[in-house]
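Colleague: The sequence and its predicted three-dimensional model are supplied below.
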Amino acid sequence: MPSHGNEPPGEPWGQLPVAPPLRTEAVEQRARELLAALNDEEKVGVLSGDVPIAHGLLPMMRRYNETPIVAGAIPRLGIPGIRFTDGPRGVVMHRSTAFPISMARGATFDPELEARVGDAIGVEARTQGANLFAGVCVNLLRHPAWGRAQETYGEDSYLLGEMGAALVRGVQRHVMACVKHFACNSIEHARFRVDVQIAEADLRDIYLPHFRRCVDAGAAAVMTAYNRVNGEWCGHHRHLLTEILKNEWGFDGFVMSDFVLGIRDAVAAVRAGLDLEMPFHWRAARLPAAVRDGRLPHERVGDAVLRLLRQQVRFAGCGEPERYRREDVSGDAHRALAREVAVRSIVLLRNEIAAGDANPVLPLEPARVHRVALIGRLASLPNTGDRGSSWVRAPHVTTVLEGMQAAVRERSVDLLVSACDDVAPAVKAAAAADVAVVVAGYTFRDEGEWVFLYGGDRGDLRLRPQHEQLIEAVAAACPRTVVCLLGGSAIVTESWREQVAATLMAWYPGMEGGHAIADVLFGAAEPGGRLPCTWPRSAAQLPYFHRRARSISYGPLHGYRLMEAAHRSPAYWFGHGRGYTTFAWGEPAVATSEDGRLEVAVEVHNTGGRAGDEVVQCYLPVALGTHPTPLRTLCGFRRVRVEAGEAHTVRVALDPALTARAATPTVWVGGSAGTARAVLWPGRDGSGSASS
């Protein structure tokens, strides 16, 4: 029978041993040899977590995933089992590096940076005895009220797929990566009961392509969602798990359930294509009898076990043992990476010139800014995101206050602090300062995984009234008011956004977020983020959403495509973001690259006085799902850094699948979904010149 131990092998910090790497055919041979060595009882036993639910539920509720959660360990054969750690902000176990949330990392529009994050996460997972990281969350953000929006990369399928695939690549240098939650998971309060009704065309065109991108990148595992799709629980969904994932996409990894309530009937789930019930040995206790009486075929059990063994053998042979050191977990290099990611994720939404000034309020230059008021309770609060299954307990979190205090020590600037949300002291500090910085937004109590006492879906897309009143009062007292927002997705800012000089979206910026925010405010770094989700003017611009729905229909339109289809103007378009320098773009040209893909080339010239980043975004007119009208759809992007006064030719290869479906020979090229301009494909009109 499987071992019921839940500690990593050897030392508490001892990583799993690294075996010699095997070629694909050798991996398959070794997996089949192990399968043949298992007896019937062991085969069924490896299809669930090792610990009975009666023994494991209370410890998990007290301190979730402090050590690897083990499933299917067979010590007599040297099979370690699946040794699970959660994510996606980092490794949930022990005291790991808390990176910015996935939505923030989506705002970087930088897959290579995300691969570096994945590499660091993989190192920390392996060092602490895990062999699987279940933090590649690519659920599509249909509505910004979704509580777990912070765990995914945004509203666009192409962006989700590119960022998720990058995380898979980085993580799988060291451990298995699990992609979740399959599929149509984007309501939190009702996640255990909601039935998502969706047309097959909308499912395939909008809600599944990013999962396939991660599967094609080699992901070892896929986790099912809690919800139903068209009447069937995702953990029991043969159409999703077997017909699409395994048969059509050729997925050779394994499918695991979400925890505890991820399946309702183990026999039905395994028959449908589930391979592993997590995290406990619970409903799977009924599997042996089902095998004996023929309700569960031996062939299906053998296939499930083989899938689990195949990935364990495959990943036993990967890794870099010299990097698996205790001191590197949340060590200097990984904290520096967390700070870099936070800086590159911060989105400058607005940056205006206050009355009497010659330049925008940001960056705060000591030559013209001598006193800064830092206002708001959230300025002094460690705030890295929700406190559900993705909570990373970092050894230290730098608050905005701590980051600003460190920054002003290096400059001739006085910091006036009002670390509360009371209006009177805030106005007094703001009136005495050259610039006021208000930190406002949300915490784990407002949004995140619903854990009964806090979190869940947002009931309102606006800030709390107290925060809106605070911003308005401070802005009236100080014309150079900057608002720094913290949160997991879009926020409605209409009641106050025109009253302030500048607005930053810093998301939940991770353990080094305070330093990163100070870096951006004082101009030590460029705010390089772009919005991975559309910011509406009001909830009325968005699809229907009800956080306690028992049934809901998901149609083909949301986000920036809905804005275009309905002729709506959001507060900020998908892809929007400003910087501290200026760029001039040359005339985009469209050509076919050497590998046969359509490619856009455009010269980006930095016309400002400092280096900065630009994100070139390309959109094609594509009809998706059941909506017949072609709409602009992201099909390629590239982030580039350009030094002051220099120019760089940026080349963006377009997604072949979307290129093949383009309704007209037009590529829209620009800095956001709402500001892109149309360029004709070469030869289609005889010139390849811009059409509008």
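Modeller: Looks like it came in fine.

Colleague: which residues touch R371?
Modeller: 413-416, 432-435 (Cβ atoms under 8 Å, 6 or more residues apart in numbering). Every residue, glycine included, has its C-beta placed from N, CA and C.

Colleague: tell me which of those residues is nearest to F522?
Modeller: V413 (8.2 Å; Cβ to Cβ).

Colleague: From L364, how far out is that closest one?
Modeller: Using Cβ to Cβ, to the nearest Å, V413 is found at 8 Å from L364.

Colleague: same check, this time on V397
Modeller: V397 is 23 Å from L364, by Cβ to Cβ.

Colleague: Compare those two (neighbour count), which wins?
Modeller: More crowded of V397 and L364, by other Cβ atoms under 10 Å: L364, with 24 against 19.

Colleague: what are the phi and psi values for the more buried one?
Modeller: phi -80, psi 110 (degrees, to the nearest 10).

Colleague: isn't it right up against V372?
Modeller: Yes: using Cβ atoms under 8 Å, L364 is in contact with V372, at 6.4 Å.

Colleague: Y619: what secondary structure?
Modeller: Counting by DSSP: H, G, I helix; E, B strand; the rest coil, the backbone at Y619 sits in strand.

Colleague: I figured it was touching C635, is that so?
Modeller: Yes: judged on Cβ under 8 Å, Y619 makes contact with C635 at a distance of 6.4 Å.

Colleague: Identify the contacts common to these two.
Modeller: V667.

Colleague: ok, the two, which is more surrounded?
Modeller: The neighbour count for Y619 versus C635, taken as other Cβ under 10 Å, is higher for Y619 (31 against 26).

Colleague: contacting residues around that one?
Modeller: Y619 makes contacts with 632-635, 667-670, 673, 676, as judged by Cβ under 8 Å, 6+ apart.

Colleague: ok, D386 to R23 distance?
Modeller: With Cβ to Cβ as the criterion, D386 and R23 are 42 Å apart.

Colleague: Quick check, pLDDT for M1.
Modeller: Looking at M1, its pLDDT is 36.

Colleague: Scan the chain for its longest helix.
Modeller: helix 298-316 (DSSP state H).

Colleague: Check which residues of the lowest-mean-pLDDT helix or strand in the chain are buried.
Modeller: Within the chain, no helix or strand scores below helix 53-62, which has a mean of 89 by mean pLDDT, DSSP states H and E. By neighbour count with 16 or more other Cβ atoms under 10 Å, helix 53-62 contains the buried residues 53, 56, 60.

Colleague: part of a strand, is V136?
Modeller: Yes: if the criterion is three-state DSSP, then V136 is within a strand.

Colleague: so the closest residue to it other than its chain neighbours bridges to which residues?
Modeller: Once flanking residues are discounted, V136 sits nearest to V179: 4.5 Å by Cβ to Cβ, 6 or more residues apart in numbering. On the basis of DSSP bridges, V179 is bridged to V136, V222.

Colleague: Would you confirm that V179 contacts G135?
Modeller: No: taking contacts as Cβ under 8 Å, V179 lies outside contact range of G135: 9.5 Å.

Colleague: Only the buried residues of stretch 241-250, if you could.
Modeller: 241-242, 244-246.

Colleague: again but with stretch 69-84, I slipped
Modeller: Those would be 69-74, 79-84, for stretch 69-84 by 16+ other Cβ under 10 Å.

Colleague: what's around A653, how many residues?
Modeller: A653 - counted by other Cβ under 10 Å - has 16 other residues nearby.

Colleague: Could you report the pLDDT at V669?
Modeller: You'll see V669 listed with a pLDDT of 97.

Colleague: Sorry, wrong one. I was asking about G317.
Modeller: 87.

Colleague: In contact with it: list those residues for me.
Modeller: With Cβ under 8 Å, 6+ apart, G317 has these contacts: 18-22, 27.

Colleague: Now stretch 424-432: average pLDDT?
Modeller: 98.

Colleague: buried sites along that stretch?
Modeller: 425-427, 429-430.

Colleague: What segments of the stretch 551-692 of the chain are helices?
Modeller: Counting by DSSP state H, counting those that start in this stretch, the segments of the stretch 551-692 of the chain that form helices are 559-565, 656-661.

Colleague: could I get these as TSV with distance to V474 and mean neighbour count?
Modeller: Formatted as TSV, the helices of the stretch 551-692 of the chain follow (distance: least, Cβ to Cβ, whole Å; neighbours: other Cβ atoms under 10 Å):
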stretch	distance to V474	mean neighbour count
helix 559-565	31	22
helix 656-661	45	15
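
Colleague: Which one of these lies nearest to R530?
Modeller: Nearest to R530, of the helices of the stretch 551-692 of the chain and by Cβ to Cβ, is helix 559-565 at 12.3 Å.

Colleague: for the closest one, packing partners?
Modeller: strand 631-642 (3 or more Cβ pairs under 8 Å, 6 or more residues apart in numbering; DSSP states H and E).

Colleague: And the strand it packs on, what does it pack against?
Modeller: Using 3+ Cβ pairs under 8 Å, 6+ apart: strand 631-642 touches helix 157-171, helix 559-565, strand 598-606, strand 612-622, strand 647-653, helix 656-661.

Colleague: if we go to 6 Å?
Modeller: Here strand 631-642 touches helix 559-565, strand 612-622, strand 647-653, going by 3 or more Cβ pairs under 6 Å, 6 or more residues apart in numbering; DSSP states H and E.

Colleague: what's the angle between the longest one and strand 598-606?
Modeller: The reference is to strand 612-622. 150 degrees (axes from the mean of the first three to the mean of the last three Cα atoms, to 10 degrees).

Colleague: Would you pull up how far strand 612-622 lies from the middle of the chain?
Modeller: Strand 612-622 sits 19 Å away from the centroid of its parent chain (Cα atoms, centre = their mean, to the nearest Å).

Colleague: And the first one, by the same measure?
Modeller: Taking Cα atoms, centre = their mean, the mean C-alpha location of helix 559-565 is offset from the chain mean by 21 Å.
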